[in-house]
Structures are given as C-alpha cells and as structure tokens.
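Asks: quick one, structure for this:
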Amino acid sequence: MAMHGRDRELSMVEKLLGEARAGRGGALVVRGHAGIGKTMVLVAARDSAAASGMVVLQTNGAEAETALPFAGLHQLLAPLLGNLDVLTPRLRRTLLGAFGQDDLRPDLFTVGLAVLELLGDRAARTPLLIVAEDAHWLDPETLDVLVFVARRLTVEPIAAVLAVRAQHTDVLARTGLDGLSLGELDDEAARRVLDDHAPGLPARLRARILREAAGNPLALVELPRLLASESAPELLPLNERLESAFTDRFEQMPPGTRAVLAVLAADTGCPLPALLAIAGVLTGAGVPAEAIQPAIDAGLLQVQAQRLRFRHPLVRSAVYRSVSDIARLTIHAVLADALAHDPDRRAWHRSAATLGADDDVSADLEAAAGRALERGALGVAVTGLDRASELTTDAARRSSLLLRAADLASQAHDRKAAVRLIARVDPRQGDVLDRGRLAVVRDLVEPGDVRDVARIDELCGHALDAQAAGDTGLAAMLCWRAASRCWWAGLPAEVGARITTVTDKLGLAVDDPRALAIAAYAQPDAFGPDVLRRLPAVAPGPGDVDGLHYLGGAALILGDFVQASAIMTTVAAGYRAQGRAALLARTLSSAGFIRLWLGRWPAVRADTEEAEALAEETGEQFWVVAARASRALHEAMAGNSAEATRLADAVLAGPLVTGVRFAAEAAQHARGVAANAEGRHEEALAILLRVFDPADSTHHLDMSGWALPDLADAAVRSGRRPDVRAIIGQAAERAARLPSPMLHRSLAYAKAVLASDDEAGPAFEAAFALDHTDWPVHRARLSLAYGTWLRRRKRILESRPPLRAARDGFDELGAHVWGRLAREELRASGEESTGRAVRSGERLTAQELQTAMLAAAGLSNREIGQRLFLSHRTVSSHLYRIYPKLGISGRSQLRAALAPVPEQPPGRGAAQGRPPGQGPAWPDSVD
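Replies: Numbers count the residues shown, from 1 in each chain. Here you go, the predicted model:
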C-alpha cells in the first residue's frame, strides 16, 4: 500500500541509497513519536535497497536485550559471521571477544574497526543497507559501534538508517549524523491513509477519527477498529488508546496464542522452541507453532528477517501490560529456568521475576556485569551493577556496587549516569578505600570549580587515609587528581606544597613517574629542576603507557618540549594500539600544542584535528575545547588571524574553561599573536599583558612565560618597552630557579628584542648561545629580530644572512606573516625574494597528511587504517586523492614528496651562525 505524505522523506532515503551505490556512503537517523511512520520509512528503504540489488542487514532493538553485551550487533552481523577470515587476526579476535567467543578483552574502537572492515568487505561485492529499528532499545555498546561505523562510511558503498523514538532525545544525539524528523501527516495525506484502510466510514465518524488521530498514521489505521460507533468515548491519550486497541485484539486470541504473545513480550529474543515450550508451561498443555498464526492474521505479529516480531512496539507494551503481575513474574521465572545455558539472559529474567531484595539474584547480576566487562561492554556492566545494587540486602555492598558502576560509567564517558550513581552512594557504608575511590570518580565527573582549594584538601585527606589502609596506588591517584587541579587552575605554590607534603608520605620511589608528575604539577618551581634532571633517566616498564603519560605531562609543563614530544609520540602509539581513544585525544591535544614550537606544523595540524574529532567521538568535551585552543594558537602563528580569533573567542566564551587557566591562557595567547600579525600592536600588548596578571582569568604562571616573545614584539612595535620591564625582570628571576628550556629560550628572545641598541649585541649573543637545533620557531624569530637590528644599525650586508635564514625558516614552517616580515626586511636591505612556495603537506587535509606520512613510512593500508581507526578502503581513497595533490604517481614517491626543504648549510641558519660580536656574525656576510 502506498505511503502518503512522505515524498520528501522518501526522497531523502532514495538519495542516501543512491549515494551509497555510487560508493559515497552515509547514515540517516529517523526520529519520530510512536506510530508516526518510522517503521514504514525503514520498510521503504529495505524494499528499495533490495530492488536495486543491495544486501540488507537489520538489527532490532528490544527492551529485553538492552542489558546483553553486543546483542544488537550480533543480530546485525549474523549473516556475515561465517566470513571472519577476511579480518586480520587482531580484528577477528577482537570481534569474537565482543561476542564472548575469545578471551581477548576488546576495546570499543577496535570492535568498531573490525565491524567496519567486515561490512566493507561484503559491500565491496554488493552495496549494503544497514537498518536499525528501535535503536533506542539497542544495548549501549551496539549503539556506540553503529555510530563509529556510520561516521566512517563516506567512501564505502554502505548506507545506514536508524530509527529512534522521539522521546529518547539523548540516543544518537550529538553524533554528527544526518537526521530526519517525521512529523504528523497533513490533512490531505491523512484523509488518503484513512480512505485506504477504512473506506466508507460515516462522515461524522470519519471526521472524528481524523481529528483524534492528528496526523498519526498508526492511529489512522487502528482507531477505526476501536471507535466502532460515533459514541465511543474520548477517555485516553492517543498512545494509550492505541494500546487499548491492541489489548482488545490480544484478549480475543486463543489461549495458546495469548501465551505465546505474553512470553514474547517478556523476551523478544526468545528462540521459537523455547517460546513454544514456555507457552505450554503457562497453559498446561502443548502449544504448537500453528498457535502463532492468529496473531499474525490479527496484525499483532509479523515475521521479519527470520525473526518473530511484534508489528509495532505499542503492541508489545500492550500485551505486556495486559498480563497480570503474577503472570509476568511466572513468565520471567520460567524463562530464567529455560535459559540456564545463557547465564546473562537468565540473570536478567531472575531479576524481573523477583519481588523485593534477593542476594542470590543480585550476585547473578554482578557476575553478568563482570562477564560484560570482560567483553568490553562497559555500558551493560553499569546497568547490571546498578540493578544488582537494588536487589542486595547488604547496605555496604549496595554502596560498593553503585561505586563500581559509577567508576565504569566515568570510564565510558557517561557522566550523566555516573553522577546519578554516585548520588546514591552512601559514603558511611564503605571503608576509607571506598571513600577514596568515590572521591576520584566524583572528581572526574563532577569537577566543579577547579580553583576550589577545599576540594584539593579533601583529595589529599583521602590519599592519607588510603595510604594508611595500604592502597598506595589509590593514594597516588588522589594526589595526582589534586596536583592536576592545582596546575590547571594555576593555584599558588603554598597550595601545591600541601599536595607534595602528602605525596612524600606515600613512599613512592624518587623516579616513580607518578611522583615526578605530581611534584611537577604541584610545585614546578620547587621541584622542577630535580624533575627535569631525572626525566631522561626514567624508564617505565615495557608497555607502561600510563607511566610514560605521567612523564610526558611533567616534561610538558616544565617546558622541556623536545623530551615531552618524544615521550608523547610513544604514548600516542601505545594508546592507539590499546584502542584507548579518549586518552589518545588528550595526548594528541597536548602534543599538538607543544609541537607548535618544534616545527612540523602540518603534522601539528593533523594531531590537533584528530584530537578534536576523537574527543568529540568519546564525549571528552573539555578536550574538544583544549584542542581548539591549540588550533587557535597554530592559526595565529601561521598568520591566519581571523580564524585564530574566531576559535580563541569561542574557547574563552565557553563555560568549560572557567577556572581552567591553561586553556584560557592558550586562547588569550592566540588572540595576542593574531593581533600582532595584523599590525594591531597596541591591542596585542593589552591582550598579552593580561596573561601576566595573576588576578586575570587567563593568567597561568608557567604558560605566560611561553608568551614572552609575543609580548616583547608587541611592546617594541607599539613603542611601550617600559610597560613590560617588570614582567621581564620577574621572568628572569624565575628562570634563575627553573631550568625550563622553553622559558629560557622565550626569555632570551624577549631580552634581546627589548634591549637598548647598546645592550642588544650581548643580548643577541646570549640568545644565540642557546641550542636552537630543535626549536625552529625560536630560531627563525631570533634570526629575524637579529637581522632587523643589524639592518637598522646600517649593517646591511651583515643583516642579509640572518634575514634569509628567517625567511626560509618561516617558509618551512608555514608562518606566512612572519615570512612576509622577513621578506620586507630583506627588501629594505636591498635584496628581493621570490614568493613563498606552498609546501607539500599544506596541500593535504589533516587526515590525508597523516595517511601520507604513514604510507611514506612503509605501512600498508590495513596497518594505516588500524592506526587511524579507518577502514583500509578509506586509506586507499585518501591516497588516490593525495597523489595528484603532491604531483606524484605512486606510493614509492611519497617520502621524497613529503621531505622538508633541506636546512641551510652552516653559516646560513641561526643555529649554526656565530653569535653577534665585534666582527661579522655570519661567515658569508659579504655579497
């Protein structure tokens, strides 16, 4: 029968299918209220796909299966599970682990990649349509995997259509997937639907049905049966009235049919033999398969994709509500006995068959949660532990179960669930270790104001208690949380001293990565020199990625960017291999920021964009903001001032940076660099002075030192050197205590630029005495400043070599504005320069550049895909676009195409030139 009033919606579906058949896949989330026509849209999609030769895979959400790990995914992939040999061994084991058929504990992103590869292999032969009906009732992990796949279909011949009931507003929200909202039918379409299903109605009854159906297609079909006469009462809301219609139909079924329907309503995934057997138990007589037919004939059931299904979710709820409370308990108890071979289903049916508390059932649910956790199904484990807490008679165990559930919810980045769970934890019921764990979880999901010193003292108190109870690991984690808050908020040294005093009592080894990181974050001035001295010699055990992460963080905040970058490269590789996408996002965000000063800007762009995308995908909203702050500074340093200002303003306007001074400082720094680049030096100075004001929300003691070069440039170009003299003095005093490589190079530049003509020579000499080999930004800026100083002192010939070095350095970086300044200075010295050539990496998108670099390093397409969480076909598509952009014809030419322009030979680069003095600074200074 034709669908009326849905031409626009059907055209969107047809477009999606057509694009997929052309190899440009995509996904569509269909939302609407019960009965509005979501199922009909999915049926139309299935029929159209099948008619065009596409393969259709379907999964149906069911309330009874929301707590079963990957149940919906197994249903979807069932036709393909005999073909797992197409996957690499790691991906094959990961997928089997998710289904409980391998002892490998999977991570969600690797499961998603395995599914993407399996679907893509099948779609390479015949385009695919994935259909997910009642997606709001799919288990959480299946939903997450479907979103992972749906976001990566752009070069796959795969379409996905997922239906969600309107009231489930959080399901598939903020995923970036296209949406289709189904509204009520217009009057003309509603009349046509009613005429198709109930022709010849009396005029007054027809008008009443049209009025009460209010454009709901299911109501237009079902109300005519319910409102048999014009005098039928208007007592219930529409959904309840429709359920009433289905209830009447259910009650008219034969006893055996009613029993089958009742059991299926309790477990829509129940296999047919068990379904009939349990129905027989309920009736006291055998129930044959033929008993199902009356329900099909009455429009209550249908057979779809080899499964018996209710025609509509309202039918299922009507049947379930029609069964008496005692009968429901009996059904679930019989189901539990019949499913002894499936302990997870059995546990949940025992739970549904229980009145009041039952410790045995609670233990079953806890065990089921443990099995879910082993399969990487954190969301299902959270649900199991939550329900187990409701059934236990032991108050202490209840709090412990809730705390474990909250911890898992925080790991799954479901902060809403975690907050709800910790609110139900009774700290009085647990021991000191439970209270310490609760403090950690609360700090993760309800951080509050990071400037709250009372929270830091609370964390330190719990740390002492945990240590006294013998759990040093928990105590160290609590101190780490406190130290992180201290650095994030830029709190005073005396606050940090309280943290390190507690840490000293933990008995950690002096080279324990946790101890070094806590000391660096809590008291960088007091302990920074010792931490910097120890860092190169510390070697965590093999595979200790978290230990390395601590060390990388310590090196970062102390300004040893070279060492931090090297450590974080290893950390990022480790987190990729482990599929820990949220931690990878944090690592890439931090690494991208520090590498701005170490060159390789195209790679920095790739890191920060990937960090932002992964943070979005894993729900780490703060790290989305942090990545944008890094991007803002990168855009500013590259000379893209408008984009930099837009990003920085958005960061500073958002609520997530309140009190988090390191992110606010980065954004404010970007605004200052952007203003300098546009010649608004007075404004730049005003902007940058704020990051040095302890009372300002954008001030951060460590990071403000990194902005000294830009502050100095703004002061010189606005003619306001005296305004920054005190700041330089304070930075010099701090540098005398703290051997921070970044601070020392930034301060040396600022001193040289701000020095009087008589003092500038020695100041430049001191600045050049520092090793700038791995610091191309400082090297090029110092060369520009030195060359400018020489030219303005009429030392024209001597000025040209450093100005050339500056120009070439900025060109290599992609720093357009600074490169233009170097060319202007060269022109003023009498030497013309050609325009800057666009570097190869700048022609590529961030993901294309990552792909190209990995391919140039010799990785196969599959290996690249596993690194970047992409299918190997997506990698192939990227390479297809990359080659013409780089002017090459194949993979073997990538390394040469991506190679940076060679450094100038000794004598042309600032790092190799002699420092300024009485004689020429550059060996080739004579033209």
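
Asks: surely L708 is in contact with Y749?
Replies: Yes - counting by Cβ atoms under 8 Å, L708 does reach Y749; the two are 7.0 Å apart. (C-beta placed from N, C-alpha, C; glycine too.)

Asks: so between these two, which is more surrounded?
Replies: Shown here are L708 and Y749; by other Cβ atoms under 10 Å, L708 has more neighbours (27 against 24).

Asks: list the contacts of the more buried one.
Replies: Listed by Cβ atoms under 8 Å, 6 or more residues apart in numbering, the contact set of L708 reads I727, I728, A731, L743, S746, L747, Y749, A750.

Asks: and the residue nearest to the second one when sequence neighbours are not counted, what element?
Replies: Pointing back at I728 there. Closest residue to I728 apart from its sequence neighbours, by Cβ to Cβ, 6 or more residues apart in numbering: A750 at 5.9 Å. For A750, the element it lies in under DSSP states H and E is helix 741-754.

Asks: how far does that helix sit from the chain's center?
Replies: 37 Å (Cα atoms, centre = their mean, to the nearest Å).

Asks: so for that helix, mean pLDDT?
Replies: Taken as a whole, helix 741-754 has an average pLDDT of 97.

Asks: give the buried residues for whichever helix or strand comes after it.
Replies: Where DSSP H and E defines the elements, the next helix or strand beyond helix 741-754 is helix 757-769. Neighbour counts over helix 757-769 (16 or more other Cβ atoms under 10 Å) mark A760, G761, A763, F764, E765, A766, A767, F768 as buried.

Asks: name the nearest of those residues relative to D359.
Replies: D359 lies nearest to A767 out of those, by Cβ to Cβ, at 71.8 Å.

Asks: so how far is H681 from that closest one?
Replies: Between A767 and H681 the distance, using Cβ to Cβ, to the nearest Å, works out to 22 Å.

Asks: shaky segments in the stretch 201-350 of the chain?
Replies: 227-238 (pLDDT under 70).

Asks: doesn't R92 make contact with L113?
Replies: No - look at L113 against R92 with Cβ under 8 Å: they stay out of range, at 11.7 Å.

Asks: of these two, give the one with the bigger neighbour count.
Replies: With neighbours defined as other Cβ under 10 Å, L113 and R92 compare such that L113 has more, 29 against 18.

Asks: which non-adjacent residue is nearest the more buried one?
Replies: Nearest residue to L113, sequence neighbours excluded (Cβ to Cβ, 6+ apart): F869, at 5.7 Å.

Asks: which residue ranges of the stretch 201-350 of the chain form helices?
Replies: Assigned by DSSP state H, counting those that start in this stretch, the helices in the stretch 201-350 of the chain fall at 203-213, 217-226, 238-251, 255-266, 272-283, 293-297, 313-322, 325-338, 343-352.

Asks: list the buried ones in the next helix or strand after the last one?
Replies: Towards the C-terminus, the helix or strand next in line after helix 343-352, according to DSSP H and E, is helix 359-374. Residues V361, S362, D364, L365, E366, A368, A369, R371, A372, L373, E374 are the ones in helix 359-374 that count as buried (16+ other Cβ under 10 Å).

Asks: just how off-centre is helix 359-374 within its chain?
Replies: The answer for helix 359-374 is 29 Å, by Cα atoms, centre = their mean.

Asks: okay, angle between whatever helix or strand comes next after that helix and helix 343-352 too, please.
Replies: Moving toward the C-terminus from helix 359-374, the next helix or strand (DSSP H and E) is helix 378-391. Counting by axes from the mean of the first three to the mean of the last three Cα atoms, to 10 degrees, helix 378-391 lies at 30 degrees to helix 343-352.

Asks: what's the first helix or strand after helix 378-391?
Replies: helix 395-411.

Asks: which elements pack onto that next one?
Replies: If contacts are counted by 3 or more Cβ pairs under 8 Å, 6 or more residues apart in numbering; DSSP states H and E, helix 395-411 sits against helix 359-374, helix 378-391, helix 415-422, helix 432-445.

Asks: now these as JSON lines including distance to R843 and mean pLDDT?
Replies: Output for these, formatted as JSON lines (distance: least, Cβ to Cβ, whole Å; pLDDT from 0 to 100):
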{"stretch": "helix 359-374", "distance to R843": "46", "mean pLDDT": "96"}
{"stretch": "helix 378-391", "distance to R843": "41", "mean pLDDT": "95"}
{"stretch": "helix 415-422", "distance to R843": "40", "mean pLDDT": "93"}
{"stretch": "helix 432-445", "distance to R843": "41", "mean pLDDT": "95"}
